[in-house]
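here you go, sequence then predicted model.
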Amino acid sequence: MNIAILTHPLGANYGGILQAYALTTVFRQKKHDVFVLRRDHCMPYTKRILKQLMILLHHPRYNNPKYKNLRQFVATKITESPILYTSVEMTEYIRKNKIDYVVVGSDQVWRSDFAMGYGFNYFLDFVPDNVKRASYAASFGLSKWGYTKEQSQRIKELLKKFTSVSVREYDGQKLCKDFLGHDVDVVLDPTMLLSQKHYEEITSSRLVEDNYIYIYWLGGEKEKNEILKQFEGKRIVDISLRHGEPLCSIGDWLSYIRYADIVITDSFHGCVFSMLFHRQFVMHVNMSGGFGRIESLYKLFGLEYKLTDIYQDVDYNLFEGRLEKWRKYSINYIDSL
């Protein structure tokens, strides 16, 4: 079966890239051919040609060396479509490549301020009627409904064409019920479908000989510095998307988490991989990213998030038991597509 996945653009986001990698890997393990659709914002034809030319000539605007390591991983591990600028081009690509199924997800693909920038493409309005459509672990990002009454009605109509709908958070499940009248499943984020052993195979060898604390931070410096005060005198490895230097590779990023004594993060996927590698970690909720996704993640594994706790104390024997249960449930969901 030919499957196309529509997710966030695979840019400077370790978690975003790895969730796409994980979902494509699961489908490939089931002997499907998988493509990730590269949806870009509409632009005049002449500007498109100019953009393609600049990409071919390695113009820094579109070939920023900061992101070279991440793009290299995407190029070698994920099959992407050409850049598609309109709904018509998306439809033509689906037909030309004889796509059998289009899956939207995971990550915050249904967050309103992101999704509406592409019309209703992230609710698969471009998919021909003879092609099946579904969502896997789609996220609204926030716990509050962000769509207008008119948008909600259109989304409701589009979801009726889905053979199956699943979300990543319990908040998303409730939003679908309350505002769309749609009962949906909650499933694991794709990154958790693959085993720790699988990730170890793509993880770089240990990069720091001494004991260290690894910080992966997406939010403001003030909050980060407040937390770091508790670890004065400790060796800190700080790899942030906000830094100007080239970003480390996916393998190096995983290595920093795997071998850290403590991980400090405000990232959903920073938290996920700390759990997968059985690390002690400090989870700070970045409210711009929403609290519901962290709350749901903890609920899935019987954890309680406490703002007053410095460390998240995780019973990893219990965690692995629950993970196996949820992994089986989520894989069964994929098998039912």
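Cool, the structure landed. Residues are numbered from 1 along each chain as shown.

which elements pack onto the longest helix belonging to the chain?
In the chain, assigned by DSSP state H, the helix with the most residues is helix 316-335. Secondary-structure packing of helix 316-335 (3 or more Cβ pairs under 8 Å, 6 or more residues apart in numbering; DSSP states H and E): helix 14-29. All C-beta atoms are positioned from the backbone trio N, CA, C, and that covers glycine.

list the buried residues for the helix it packs on?
Judged by neighbour count using 16 or more other Cβ atoms under 10 Å, the buried positions of helix 14-29 are 14-27.

so which residues make contact with the longest helix of the chain?
For helix 316-335, contacts defined as Cβ atoms under 8 Å, 6 or more residues apart in numbering pick out 26-27, 30, 136-137, 164, 166, 185, 187-188, 192-193, 275, 278, 300-302.

could you give the angle of that helix to helix 14-29?
Angle, helix 316-335 to helix 14-29, by axes from the mean of the first three to the mean of the last three Cα atoms, to 10 degrees: 60 degrees.

list every C-alpha atom in helix 316-335, with coordinates, as CSV.
What follows is helix 316-335, C-alpha atoms only, in CSV (Å, rounded to 0.1, in the frame of the first residue of the first chain):
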residue,chain,number,x,y,z
TYR,A,316,10.8,2.6,34.9
ASN,A,317,9.7,-0.9,35.5
LEU,A,318,6.1,0.3,35.8
PHE,A,319,6.7,2.7,32.8
GLU,A,320,7.9,-0.2,30.6
GLY,A,321,4.8,-2.3,31.5
ARG,A,322,2.4,0.6,30.6
LEU,A,323,4.5,1.4,27.5
GLU,A,324,4.2,-2.1,26.2
LYS,A,325,0.4,-2.0,26.7
TRP,A,326,0.0,1.3,24.9
ARG,A,327,2.4,0.4,22.2
LYS,A,328,0.4,-2.7,21.4
TYR,A,329,-2.9,-0.7,21.4
SER,A,330,-1.4,1.9,19.1
ILE,A,331,0.1,-0.6,16.7
ASN,A,332,-3.3,-2.4,16.6
TYR,A,333,-4.9,1.0,15.7
ILE,A,334,-2.4,1.3,12.8
ASP,A,335,-3.1,-2.2,11.6
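
in it, what's buried?
For helix 316-335, using 16+ other Cβ under 10 Å, the buried residues are Phe319, Glu320, Leu323, Trp326, Arg327, Ser330, Ile331, Tyr333, Ile334.

would TSV of those residues with distance to Met283 and pLDDT be doable?
Converted to TSV, these look like this (distance: Cβ to Cβ, whole Å; pLDDT from 0 to 100):
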residue	distance to Met283	pLDDT
Phe319	14	92
Glu320	19	95
Leu323	17	96
Trp326	19	97
Arg327	21	97
Ser330	22	97
Ile331	26	97
Tyr333	26	96
Ile334	28	96
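
okay, the residues you listed in TSV with distance to Lys177 next?
Output for the buried residues of helix 316-335, formatted as TSV (distance: Cβ to Cβ, whole Å):
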residue	distance to Lys177
Phe319	28
Glu320	31
Leu323	26
Trp326	21
Arg327	25
Ser330	20
Ile331	24
Tyr333	18
Ile334	22
